[in-house]
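Visitor: Starting from these lines, generate the structure:
(4 chains)
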There are 2 protein chains.
Amino acid sequence: MLTNACKYAIRAVIYLALNSDADKKLGAKQIASELDVPQAFLAKLLRKLSSDKLISSAKGPGGGFFLNKENLEKTVWDIITAIDDQQKLDDCFLGLVKCNSENPCPVHYIAAPFKEQLLNDFKKKTIAVMAEEMVENGTVITLNRFI
Amino acid sequence: MLTNACKYAIRAVIYLALNSDADKKLGAKQIASELDVPQAFLAKLLRKLSSDKLISSAKGPGGGFFLNKENLEKTVWDIITAIDDQQKLDDCFLGLVKCNSENPCPVHYIAAPFKEQLLNDFKKKTIAVMAEEMVENGTVITLNRFI
DNA sequence: AAAATAAAGGACTAAATTGTCCTTTACCGA
DNA sequence: TCGGTAAAGGACAATTTAGTCCTTTATTTT
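Guide: Numbers count the residues shown, from 1 in each chain, chains lettered A, B, ... in the order given. Purely as a prediction, here's the structure:
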């Protein structure tokens, strides 16, 4: 449903939200190794996110990536649309061109509420809120570290 | 989540369930045009389904594909596993290696019930039951015809 | 038997996705 | 101001998925 690229990007941004700020920048290599993701590939994704102002960056020694206030107000949806040229989240699960309640595919009534909820979450919740919720809930989003 | 190949295959089998039997076989070309799917590609998929005994076929004039009693007892899951070498339906939505209730990704609690329901449906319901439900519910699964 | 029909099979091409690598640019600290 | 560091950028390679095309085989009809 989401490409690898997109998943990597989302995880990286969440990781940055939880672990970086202007005074604590993280290098692409470091993030990649924490998330266990191909580093050159992630670096490319981070560049895209940075040029789209979804994350911040600084060159040179002590440089790296981090999230500023504005970045924290972005949504997962912003990331998805930045990375995946055309996302397929709302496509019919069985590939029907037009699948809706009048003309539902066999799994429409299972898939529809899920997709709605998911899209709602992705579009409404900011990165900041998502990160906050994880901390509040004690949801240790270890990404790949302790697994 | 499912490949195109898989979606095409599922739609084709459902179409066969609703429109074919031993006395009314359907050619690959006909099915492909009804479903608006690339015909050579679908033909290849139908071969695979046939060699896996998920659908039946007959060569020569008047030949084509159809479902027999045994075929109707197969499940959508059988189709998925036949077509997609390794399906990714239960993978974490954000690509975490291990995503579960102890270590949930940010959308785990949205995705988990959906995936469970979907997998359950795919694994338990036979093609016959699915087709029957569609007829009962007046769910006109037009695939691509009237859309 | 011959012709037509349709699946079986497999080689091949195309496109998208995933990933690597190398060079350039900017920045910092000594 | 020079060396090192890390992002920016872009060319390139590899893999997977998608799709085409041509030949062979089996079956039916005439």
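Visitor: switch to C-alpha atoms for all contacts and neighbour counts from now on
Guide: OK.
Visitor: Show me what from chain A comes close to DNA strand D.
Guide: Residues of chain A lying close to DNA strand D (CA under 7 Å from any atom of the strand) are A:26-29, A:40, A:44, A:46-47, A:50-51, A:57-65.
Visitor: Let's see that with 6 Å instead.
Guide: Contact residues (CA under 6 Å from any atom of the strand) of chain A with DNA strand D: A:26-28, A:46-47, A:50-51, A:57-65.
Visitor: Would you confirm that A:S57 contacts A:F65?
Guide: Yes - the pair A:S57 / A:F65 is scored as a contact, 4.3 Å apart, by CA atoms under 8 Å.
Visitor: any shared contact partners between the two?
Guide: Here A:S57 and A:F65 share the contacting residues A:K25, scored by CA atoms under 8 Å, 6 or more residues apart in numbering or on different chains.
Visitor: Look at these two and report which has more neighbours.
Guide: A:F65 (25 against 20; other CA atoms under 10 Å in any protein chain shown).
Visitor: any weak-confidence spans in chain A?
Guide: With pLDDT under 70 as the threshold, chain A has low-confidence stretches at A:139-147.
Visitor: can you give me the strands for it?
Guide: Counting by DSSP state E, chain A has strands at residues A:56-58, A:64-66.
Visitor: From DNA strand C, how far out is A:N120?
Guide: Separation of A:N120 from DNA strand C (CA to the nearest atom of the strand, to the nearest Å): 22 Å.
Visitor: Check the burial of that residue by counting its neighbours.
Guide: 12.
Visitor: what does the one 10 residues further on give?
Guide: Per other CA under 10 Å, the neighbour tally for A:M130 reads 21.
Visitor: Then A:E116?
Guide: A:E116 has 13 neighbours, counted by other CA under 10 Å.
Visitor: Mind listing the residues bridging to A:D21?
Guide: A:K24 (DSSP bridges).
Visitor: what's near enough to touch it?
Guide: By CA under 8 Å, 6+ apart, A:D21 lies in contact with A:66-68.
Visitor: export the strands of chain A to a markdown table and tack on distance to A:T3?
Guide: A markdown table is the format used below for these (distance: least, CA to CA, whole Å):
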| stretch | distance to A:T3 |
| --- | --- |
| strand A:56-58 | 23 |
| strand A:64-66 | 22 |
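Visitor: Nearest to DNA strand C among these would be which one?
Guide: Closest approach to DNA strand C among these (CA to the nearest atom of the strand): strand A:56-58, 6.1 Å.
Visitor: Packing partners of the closest one?
Guide: strand A:64-66 (3 or more CA pairs under 8 Å, 6 or more residues apart in numbering or on different chains; DSSP states H and E).
Visitor: So what touches the strand it packs on?
Guide: Strand A:64-66 is contacted from outside by A:16-17, A:20-22, A:24-28, A:55-58, using CA under 8 Å, 6+ apart.
Visitor: Equivalent analysis for stretch A:25-32, please.
Guide: Stretch A:25-32 has contacts (CA under 8 Å, 6+ apart) with A:12, A:15-16, A:20, A:38-39, A:42-43, A:46, A:57, A:62-66.
Visitor: run the last query once more with 6 Å
Guide: Residues outside stretch A:25-32 that contact it (CA atoms under 6 Å, 6 or more residues apart in numbering or on different chains) are A:39, A:43, A:64-66.
Visitor: Is that stretch in proximity to DNA strand C?
Guide: No - residues of stretch A:25-32 are not located near DNA strand C by CA under 6 Å from any atom of the strand, the shortest gap being 9.7 Å.
Visitor: Noted, bye for now.
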